[in-house]
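Visitor: got a sequence here, can you build the structure:
(6 chains)
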Protein chains: 6
Amino acid sequence: MKVLTFGEILLRLAAPGYTRLFQKDSLEASFCGAEANVAVSLALFGIDTAYITKLPGNDVGRAAVNSLRSFGVDTGRIVYGDGRMGLYYLEKGASQRSGKVVYDRAYSVITQAGREDFDWDALLEGVGWFHWTGITPALSEGLAGICMDACEAARKKGITVSCDLNYRKTLWAPEKAGAVMVPLMEYVDVCIANEEDADKVLGIRPEDNHVESGELNRAGYESVAKEICERYGCRYAAVTMRESYDASVNGWSAMLYSREKGRAYFSRRYEIRIVDRVGGGDSFAAGLIYGLLSGKEEQAALEFAAAASCLKHTIEGDYNRVSVVEVEALLENGGHGRVQR
Amino acid sequence: MKVLTFGEILLRLAAPGYTRLFQKDSLEASFCGAEANVAVSLALFGIDTAYITKLPGNDVGRAAVNSLRSFGVDTGRIVYGDGRMGLYYLEKGASQRSGKVVYDRAYSVITQAGREDFDWDALLEGVGWFHWTGITPALSEGLAGICMDACEAARKKGITVSCDLNYRKTLWAPEKAGAVMVPLMEYVDVCIANEEDADKVLGIRPEDNHVESGELNRAGYESVAKEICERYGCRYAAVTMRESYDASVNGWSAMLYSREKGRAYFSRRYEIRIVDRVGGGDSFAAGLIYGLLSGKEEQAALEFAAAASCLKHTIEGDYNRVSVVEVEALLENGGHGRVQR
Amino acid sequence: MKVLTFGEILLRLAAPGYTRLFQKDSLEASFCGAEANVAVSLALFGIDTAYITKLPGNDVGRAAVNSLRSFGVDTGRIVYGDGRMGLYYLEKGASQRSGKVVYDRAYSVITQAGREDFDWDALLEGVGWFHWTGITPALSEGLAGICMDACEAARKKGITVSCDLNYRKTLWAPEKAGAVMVPLMEYVDVCIANEEDADKVLGIRPEDNHVESGELNRAGYESVAKEICERYGCRYAAVTMRESYDASVNGWSAMLYSREKGRAYFSRRYEIRIVDRVGGGDSFAAGLIYGLLSGKEEQAALEFAAAASCLKHTIEGDYNRVSVVEVEALLENGGHGRVQR
Amino acid sequence: MKVLTFGEILLRLAAPGYTRLFQKDSLEASFCGAEANVAVSLALFGIDTAYITKLPGNDVGRAAVNSLRSFGVDTGRIVYGDGRMGLYYLEKGASQRSGKVVYDRAYSVITQAGREDFDWDALLEGVGWFHWTGITPALSEGLAGICMDACEAARKKGITVSCDLNYRKTLWAPEKAGAVMVPLMEYVDVCIANEEDADKVLGIRPEDNHVESGELNRAGYESVAKEICERYGCRYAAVTMRESYDASVNGWSAMLYSREKGRAYFSRRYEIRIVDRVGGGDSFAAGLIYGLLSGKEEQAALEFAAAASCLKHTIEGDYNRVSVVEVEALLENGGHGRVQR
Amino acid sequence: MKVLTFGEILLRLAAPGYTRLFQKDSLEASFCGAEANVAVSLALFGIDTAYITKLPGNDVGRAAVNSLRSFGVDTGRIVYGDGRMGLYYLEKGASQRSGKVVYDRAYSVITQAGREDFDWDALLEGVGWFHWTGITPALSEGLAGICMDACEAARKKGITVSCDLNYRKTLWAPEKAGAVMVPLMEYVDVCIANEEDADKVLGIRPEDNHVESGELNRAGYESVAKEICERYGCRYAAVTMRESYDASVNGWSAMLYSREKGRAYFSRRYEIRIVDRVGGGDSFAAGLIYGLLSGKEEQAALEFAAAASCLKHTIEGDYNRVSVVEVEALLENGGHGRVQR
Amino acid sequence: MKVLTFGEILLRLAAPGYTRLFQKDSLEASFCGAEANVAVSLALFGIDTAYITKLPGNDVGRAAVNSLRSFGVDTGRIVYGDGRMGLYYLEKGASQRSGKVVYDRAYSVITQAGREDFDWDALLEGVGWFHWTGITPALSEGLAGICMDACEAARKKGITVSCDLNYRKTLWAPEKAGAVMVPLMEYVDVCIANEEDADKVLGIRPEDNHVESGELNRAGYESVAKEICERYGCRYAAVTMRESYDASVNGWSAMLYSREKGRAYFSRRYEIRIVDRVGGGDSFAAGLIYGLLSGKEEQAALEFAAAASCLKHTIEGDYNRVSVVEVEALLENGGHGRVQR
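Guide: Take a look at the predicted model:
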C-alpha cells in the first residue's frame, strides 16, 4: 500500500555550524518541507511512498526531485510549471539564542497553482494513506481548494487521511486558519498537533495550560486530543510535547489518543541534546504513520514515533535519516551512546 | 563629488568551483547587481559613492547592506520595505560548457516599489554623477517610471547621467525594451553597450556584423557608437567587445566614441583566462566613470576601464575587488604575472 | 525500452582541487564505475535505465544506491551480500603532472560473486539494450562467467549488447584479456574502444600507429574499427581519439564504423580545458547508446556522443551531469562560452 | 552623540570547530580586539560609533577596516603607518580542555606608535562617550602615554570615559599595571572589571574570595565595586561574574554599583552552553554603555548588558552580532529556545 | 628507553560534524589504530617511541607513515608489501543517536602477513617496553602467530609487555578470543581492560555486574583486575570505567590494581562532554605506560592516565594530541575551562 | 651523506582558490621557506636531510616542526627560543592579475638570533652538503654573521656549500646585498640564481638583456653563469629561466654552467599551466642538489632539476611533493597527461 504526501518542498539554506546568517560566505543547501520530510522518512522506513507537489522545471526544482529520489521517494506524480521555488534561510540556535527561520516562499509556483493542476483521481491511484499538513492550505486560496479536492477524492477512495495541523503564525491568523481547516478536519482520520496548533487552529485548549512554565500538563494534552477526536470524528489524535528549555536541550515526548479505545497513551520522555530540531514534528508524523500502518498496537506505534523523532533531533537537516532498525535499537537500549562497531 | 548608482541588488548563490548547481551541498553566498557592482568598484577606486535600492529589512537585506558597507559604499539612502530580496543561482562554465544563471528575482521588494518610494530630490542631494542600467526599468512598470523620475531630477540638478544598456532577454523583449528605453536615452550623457544591447534595445546595428564569427568588426562598433551619440545626444558611447571562444578564455577590449571629438578610441586587447566573468561589463562601466571623473583623456580613460574589467575576470564574485594602483600596474606592465612581494 | 548496464560501482575518494592525495585533510566522496557512469548519463538523457551490481548492504553500499537513485536510475535489480565495496583514490593531474588513480577494489563483494547470484532471465526482463565493459570480466573468474551468462541470456532475448573494451593493465595482462574477451565479443553488437584497447585486448592494431606522437591517424583508427566489425560481427565499432598533450588540455574526437554502411564517420574535434577527465570514455558510450537508441543517423549519433563526452570533461566527478538539451546546445553553438541567463 | 573606542584590532586565526591548532589545514580568519568588539556591538545596537587605532595600509589592515565598516562602524579616524598588524591564534576549548590563545601581537604598528600619531583634540570631535580598556596602555610605553593624552582631552571636552580594566598577565605584571593604570583611573567615569582585574590592577580584593571554588561571593563583588568608585571617583563600577565550570558550560551574571545611588544591582544569572566565549566581557561593556547611554535605569541597563553578553557566548567570533531587539527578546522570554519563524 | 607498539593502522574516513555517513560530499581523512594511537600519544609525551606494522608502499601507506612521523614516531621499522590498507568509516553519535563505525579492514596487507615478515630479534633492538592489543591477533591466524613470536622475543630480552585486551565482537567470538589470548597473557606484564573485555576474552566477571545500569561497581572492577593479575601473573591490571549515558556525555574514570601492593587504586571521575570518543581507551593505555615508565607512584600514574584520556574525549580524531604539561594542568586545576592566554 | 639546509621557516596563510586576500573567511595554513622547501624536497627524494632554524616553542613553532617531520626531515638540530614566528599572506594570481605576497616576518625569533645560538661545529656533524639562500643573511645583521660562521665551519669540514642567491628587494637594497653576499660567495661551490639575482646581488648582467621581452637570451645567461664561476671560484652556477607571460602560464627551463667542463648545459623547456608557482626556484635547487649528489652527469642533473621544478608548479603549496620516480616519469614521457592507474 502506497503512502502519498502532498505539500510544498523548499530549498533550505542554512548558515554553517552555529554562525549567524551570512556570517560565513557559504550556505548549506538541502531540501525540506513538512510533507516531503514525512515522505523521505517513510521511504527510509521501507514504505512505498510518493510525494506530490508543483515545481519549476529548472535546476532548483530538479535538484529537489533528485534529493527525494535519492531516498527512494516516488517522484513520478510531481507536477511542473514555470515560476520560482520557495526557500528559507536557517540559522541554528544555541543555548539562550533561539534558532531563526527567514522564509522566502511567497509567489512560489505551488502557491500560484490552480485546482486544475491536480487531477486527484489519477494522483491517488493505488494510494492507501494520504498525508498533508496545515501549512499547505495556509499558502494560498488555491491550495486550500486543492486540499479540499484531495480530501474529497481520498474519502471517495476509502484512503486513510492524516493531517498535522502545523500552525504557522506567519502564514495565517487563527481566525483564517480555523475557517479553512475546520471543514477539512471532517476528512481527517489521524490528526497530529501540538498544544499551540490545537489552540490556534481549532480553538481547543487544555483545561489548565502551563506550557510556558516548562512543566507538562498531561491531563490537559489528553483533553485536547479527546476533544479533537470527538469534534471531528478522527480515529486518532496525537500530540507532541516539547519542553523547550533552551535552543540546545529539549525534553521530548508524545501522546496518542484513540477514539475507539477511549484512552490516551503516553510515550517515554527523551532529554535531547539538539543537533537540529527543524523537522522534529514531521519525523513524529512519519513514525506514527509507519507504526499504525505496520499494525503496531497504539502504545508501540506511539513509542516508535517518539523514538524516531528523538533521533531526528540528533541529525542535521530536515530529513530524518534513520532506519526502522535504528529506531528500534533506541527503543531497546535507551540510547546508551555506545559506538556501533 | 558623489556618484550615485541605483538598481536592484541580488543574493548570488554560486555552485563551488566548477561543479554543477546543487552537485555539492553548499552554495557560495555573495551579493551583486549591475549597479551595486559599479558602486563597489568606484568606492574601491576611492570615489565617494552611494547606492540606492529598496530592500527588505530582514537578515538577507541587512547582509546585502553590510556587504556594501564593507567596501565603503554609502548605504544611508537605501529604502526599506516588506517583501523578498531577489537572488540568482550561478554555475560557472568551463571550456565548452557555458556558465549558467538561474534567476529567482521576480516579486522582489524593489520590483513592487512605487514612484512614491523614491524622493529623488532628496536622494540626489550632493550627487554629481548618476548611474543606472537597462536592467532596472526592465524589472517592472513601476521601476521604469522611477527611472524616468530619477533621470528628470538628475537633469534638473545638472547631474551627469550614465547608463549601461544591459539588455536581458529574459526580462523583456526588444520591442518593449525599446519603448521604455528610448525616452530614457534622452537623459543619458554616457551610454555603455555591447553590440547585442545596441541592436536589441535601440535597433542600432553595425554595417557588417560578424560577432558570431569571433572576429571583431571595429568599424561596425564605431558606427554603432556614433549612431547612439548622434541619435540621443550622448557625449560618449562606449562599447565592450568580448570574443567568447569558450567559457575559459575570452578576448576582451573596448571602444569609446566621443561626440565632441568626433572619433573613436580603441583599447588594448586582453586575452583572459577567466576566473569569473560575471560582472565584467559592470567593472568596465565603473572604470570608465572613474576615468572620466578623474579627468583622464579619452584614450586613458578607456584603457583604464578596459584594464579594470580585464582584472575583474580574474576575480571571484561580481565585485571588482581592485584598486586604482592595481589597474595602473596592469597598464604599465601588461600583466606579466610575476608575484608581487 | 529499458537499458540495463552491469558492472562494479566504486566509492571515489578524490583529493580536493589540485592537491596531492592526503595533502589536505579531507577527501571528496562520490560514486562511480564505468557502467554506473553510463547508466547515470542515460538516465539524465531521459532513457529508462537500470543498473545491476552486487553491493554490501551497509552504509557505503546504500549510499552508492542513493546516489544512483538521485539521477533516476532504477536500482531495484541490484543484488546484495556481505563484504566490502571497492574504492579508488583519485588525484587530479595538472599540466605536466599526470592524474593518478590508486585502486583499492580487490576482494570487493562483486568480485567474490558467483554465477548463481545473478538470474539473468529475470534481470533482463523488459530490457532492450544491455551494456557492459571489459573491466567486469577482468575483475574475477566468477565475473567473467557471469558476463558470459548475461551475454547468452541477452542474445536469447534479442537484446542489443554493447561493450566498451576498457582495457586496464592493472587488472589483467593482454593475453588473459584476449582469452576471456574474444569469446564474449561474439555477442557484442556495438563495440567501443580506444586504440590501446583494441591492441591489448583483441590484438588489432592500426597499420601506421602514431598515437604517441600526438598526431591522429584517422585511417589507422578506421582500419581497427573495420577489423573489429568484420572479425566479431559487430554492427558498429566506435573509437574515441584522445590527444593527451598534458593533464590540462586534450584534443577529443571520435569515430564510428558501421558494418552495414561499410564506412566510417568522424566527429567534430574538441580542444578541451579539462576539469575532470575520469569518466570521459563512459560518457561517450552513453552518448552513443542514446544516439543509436533514439534513431539518429550514424553521423548525428556520433556527434552527439562526442559532444556529450566533451562536456563530461568539464564536469567534476565521473558522472556526466548533462541533459540532451545541453549536448544539443553545444552541437549548435560550438561551445561559445556565453553565460546562459 | 557619538561613541568612540580606541585600542588595537587583531587578526584572529581560529582552528576550525573543536580541533587543536594546526590540526586542520585551514584557519578561520576574523578580526577582533577588546575595543573594536565594543565598537561593533554598539554599532549593531544602532549607536553612532567610531573606532580609532593605528593600522598598516596593507591587505591585512584594509581587511580589518572593511570588517568594521560592514557593521557600520565609522573608521574614518583610523591612523595608518608602515608595519605589521597583530594577530592571535585561537583554539576553542571543550569540556575539561581549556581554550587557548597564542598571541603574536608584539611589534605591531600600534605598539610602535608615538603620542604625535594621535591628535586627540581632532579625534574626539563630536564624541560624547570614550571607551578604552586596560589592554591598550599595557601594550607599550607609547600607548600608555597616548591613553593619558586621550583621557585628558576627553576630560577637557566633558566626554564620559569608560574603561574595562581587562588585566592580561602576559602583557604586564600587577605592579606595572597598577603604576600605569592608577593615574588613568582618575579620568574614568564608568569602570568595568572582573574580580581578577580589580585585584591585579588596583589591588582591590573582596573580603572573602572564593572565586576558585566556583561559588559566587556577591558581597565581595559589591565591596570591590564600591571601593573602586570611592577610591577613583567613578560614577559606576560594574563587575562580570563568570562561573567557569569547564570550557563548555559557564554561569554568567553581573553586578553594577552606582556611587550616586550608593547601592549595587545584580543581574539575572545565565547558565550558558558556550559556542565561543572570547569577547564575552567586551559584549558586556557594550551592553552597559548602550544601557546607560539610552537612559535606562541601573537595573535595566545592567540586565541589558548581562543578556547581551549571554548571547555573545552563543555566537562564533569575538563580535557580538546581536541587535537590541534580540537582547530584549531574551530578557522577555528567558531564552526558551523556540525557533523564530 | 624506547617503547615499541605493534598493530594495524587504518585510514579513518569520518563524516563531517554530526552528519550521517555520506550525507555530505566529503569525508575527513586521518589515520588511526589502537597501537598507533598509543605510539602517537607516547611520542607527544616525549617518549622515544617506534611503531611497527605492515603497509602497502602506495600513496595511502605513505600518508599513514607521514602522519606518524609528524608526531615524531619512529617509523623506520615498518614493513612494506603489496596489497591494500584497511580503513573504517566513522559517523559520530550525538545524544540518543549512537556513533557508528563501518569497518573495511578485511584483506589488508597486514592481515595477509606471515611470521617471516617480522624479524622480532631485530625489531625489538633497543626496546624497553612493548605494547600490543587484542585487536591484532584477532585479525588473522598469521597475526596471532606473529604476536606470539613478538611476545616470546620480548620475554627473552627482558622487555616489559603491555596489552590492552580490546575485545571486538565483529572480529572474533569470545571462545576464539580466549583460545588465542590466554596463551599470550602469560607474557603480559601490564594488562588493560574494560569490563566487557575481561568477560568476553578471559571469562572473568565481577561478582555483581551492573554495567548496563550505568552505576559503577567498584568492588566488581577490583575483583576482575585482581583475578587477571593472579591468574596470568601480571604486575598490573588496569580497568577503564565508562558510564555511557548517551553519545554526548559520559562519565569516565579508571582503576589500577597492583599485584605487588595487593591493592587497587581508583582515579578521579570526569563527566565529559564528548567531542570524539574514539581512541579513548588507547589514550588511557598511553597515559598509563607514560606514568609507569616515568616512575610515578601507582595513584599518580593512574591519575595521569585517566586525565590524559579525559582530554582525548575533547579532541577530534583518534590521536590524543596533548602534552604532559596539558595533562598535568588538568590534574591541577580540574578543567576549570578558563582560556589559556 | 647528510644534507643540511639552514634558514627561516614561515607560516604561509593563503587565500583559498583564486580569491583575493580576506575575501573568504578562511586562510589555508601551511609552512614554507626557501631552505625548508629544499629540505622537504630532498627528503622526498630519499636523501637524509636535516633542517636548521630557530623557532618559538609554541603551537605555531611545533606545527612547523611537525610539518617537516611528516616528510622525514630531521628536525633534531633546530634551536628554540622565545618570540614570534614569521608568516606571509599569499594571494594566488590568475591571468593578468599577479599573485601577491604580504610578508609579516619582521621581528621573528630567528631574526633576533645571535651568533652564539648556533654551534656550527656540532650542527654540521656528519653533514656532507650545506645549502642556504640569500634570504637568510638579508634578514638581519645577526643572520649575516651566522651565515658566515656556518660557511667557515663548512669549509673547514670540507662540506660542499650551495647557495641560491634569491634576491628579495623588500629585504634589502642591491648595495647592501652585494656588501654582505660577496664575501660569502667565496665559500659557495654551487651557486643558483636567476637573471635578476645575479644583477642585483653581484652586479653581473648578461651582455644583451631581453628578459622583459619574454624571449630568452641563452648566450646572456651563459655569460652570467660563467662570470659567477670565474669570479667566485664556484664549481657550478645554475640559472633558472622563467618566461612569465602571465600569472597562469609560464615557460620554464634552466641552465647549468660547469667551471671544470667550461661549458653550459641547457635543459628542456616546459610550458606550464600553473597551479602554484611559489617555491618553484627552491624545487630547482633541490633537484640540482639531488642530481649532483646522486652522481648524475651535468646534463642529466640539470634535466632532473628542471623537471622537478616543472612539477612543483603543478602542486599546491611551497613544498615540492614529488618523488624521484615521478620526476623521472616526466623526463621519460614528457608529461603526456595520461592518468596513472
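Visitor: next, the buried residues of the lowest-mean-pLDDT helix or strand in chain A.
Guide: The least trusted helix or strand in chain A, going by mean pLDDT, DSSP states H and E, turns out to be helix A:195-197, with a mean of 90. For helix A:195-197, a neighbour-count test (16 or more other C-beta atoms under 10 Å in any protein chain shown) marks A:Glu195, A:Asp197 as buried. In short, each C-beta sits where N, CA and C put it, glycine included.
Visitor: same question for stretch A:176-187.
Guide: A:Ala177, A:Gly178, A:Val180, A:Met181, A:Leu184, A:Met185, A:Tyr187.
Visitor: of those residues, which belong to helices?
Guide: A:Ala177, A:Gly178, A:Val180, A:Met181, A:Leu184, A:Met185 (DSSP state H).
Visitor: in CSV: the residues you listed, plus distance to chain F and pLDDT.
Guide: CSV is the format used below for these (distance: C-beta to the nearest C-beta, whole Å; pLDDT from 0 to 100):
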residue, distance to chain F, pLDDT
A:Ala177, 42, 98
A:Gly178, 47, 97
A:Val180, 45, 98
A:Met181, 45, 98
A:Leu184, 47, 98
A:Met185, 49, 98
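Visitor: can I get the residues you listed in JSON lines including distance to chain C?
Guide: As requested, those are arranged in JSON lines below (distance: C-beta to the nearest C-beta, whole Å):
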{"residue": "A:Ala177", "distance to chain C": "36"}
{"residue": "A:Gly178", "distance to chain C": "40"}
{"residue": "A:Val180", "distance to chain C": "35"}
{"residue": "A:Met181", "distance to chain C": "35"}
{"residue": "A:Leu184", "distance to chain C": "33"}
{"residue": "A:Met185", "distance to chain C": "36"}
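Visitor: and which of these is nearest chain B?
Guide: A:Ala177 (21.0 Å; C-beta to the nearest C-beta).
Visitor: quick one: residues contacting the nearest residue to the closest one once chain neighbours are set aside.
Guide: Spatially, and ignoring its direct neighbours in sequence, A:Ala177 is nearest to A:Val201 (4.7 Å; C-beta to C-beta, 6 or more residues apart in numbering or on different chains). Going by C-beta atoms under 8 Å, 6 or more residues apart in numbering or on different chains, A:Val201 touches A:Gly134, A:Leu165, A:Tyr167, A:Pro174, A:Ala177, A:Gly178, A:Met181, A:Ala193.
Visitor: go again with 6 Å.
Guide: Neighbouring residues of A:Val201 by C-beta atoms under 6 Å, 6 or more residues apart in numbering or on different chains: A:Leu165, A:Tyr167, A:Ala177, A:Met181.
Visitor: and if you look at A:Thr53?
Guide: So A:Thr53 contacts A:Ile9, A:Ile78, A:Ile110 (C-beta under 6 Å, 6+ apart).
Visitor: repeat that with 8 Å
Guide: Counted by C-beta under 8 Å, 6+ apart, A:Thr53 has contacts A:Phe6, A:Gly7, A:Glu8, A:Ile9, A:Gly33, A:Glu35, A:Ala36, A:Ile78, A:Val79, A:Ile110.
Visitor: count of residues packed around A:Gly81?
Guide: Close neighbours of A:Gly81, defined as other C-beta atoms under 10 Å in any protein chain shown, add up to 15.
Visitor: A:Ala106 now?
Guide: By the criterion of other C-beta under 10 Å, A:Ala106 has 13 neighbours.
Visitor: what pLDDT does it get?
Guide: On the pLDDT scale, A:Ala106 is placed at 96.
Visitor: on the three-state scheme, it is what?
Guide: coil (DSSP: H, G, I helix; E, B strand; the rest coil).
Visitor: nearest residue to it other than its sequence neighbours?
Guide: Once flanking residues are discounted, A:Ala106 sits nearest to B:Arg84: 6.2 Å by C-beta to C-beta, 6+ apart.
Visitor: with A:Leu87 instead?
Guide: Leaving aside its chain neighbours, A:Leu87 sits nearest to A:Leu11 (3.9 Å; criterion: C-beta to C-beta, 6+ apart).
Visitor: one more: A:Tyr257?
Guide: Spatial nearest neighbour of A:Tyr257, chain neighbours left out: A:Ala225 (3.5 Å); criterion: C-beta to C-beta, 6+ apart.
Visitor: name the SS class of the one you found, please.
Guide: Classification of A:Ala225 using three-state DSSP returns helix.
Visitor: quick one: contacts for it?
Guide: Under the criterion of C-beta under 8 Å, 6+ apart, the neighbours of A:Ala225 are A:Ala193, A:Ala237, A:Ala238, A:Val239, A:Met255, A:Leu256, A:Tyr257, A:Ala264.
Visitor: what do you get if the cut-off is 10 Å, keeping everything else the same?
Guide: A:Ala225 makes contact with A:191-193, A:198, A:204, A:206, A:234, A:236-239, A:255-259, A:264, according to C-beta atoms under 10 Å, 6 or more residues apart in numbering or on different chains.
Visitor: what about A:His336, neighbour count?
Guide: As a burial measure, A:His336 scores 17 neighbours (other C-beta under 10 Å).
Visitor: pLDDT of stretch A:299-315, averaged?
Guide: Mean pLDDT, stretch A:299-315: 98.
Visitor: now do stretch A:111-119
Guide: The pLDDT scores in stretch A:111-119 average 97.
Visitor: gap between stretch A:263-279 and the chain center?
Guide: From the chain centre to the centre of stretch A:263-279 is a distance of 14 Å (C-alpha atoms, centre = their mean, to the nearest Å).
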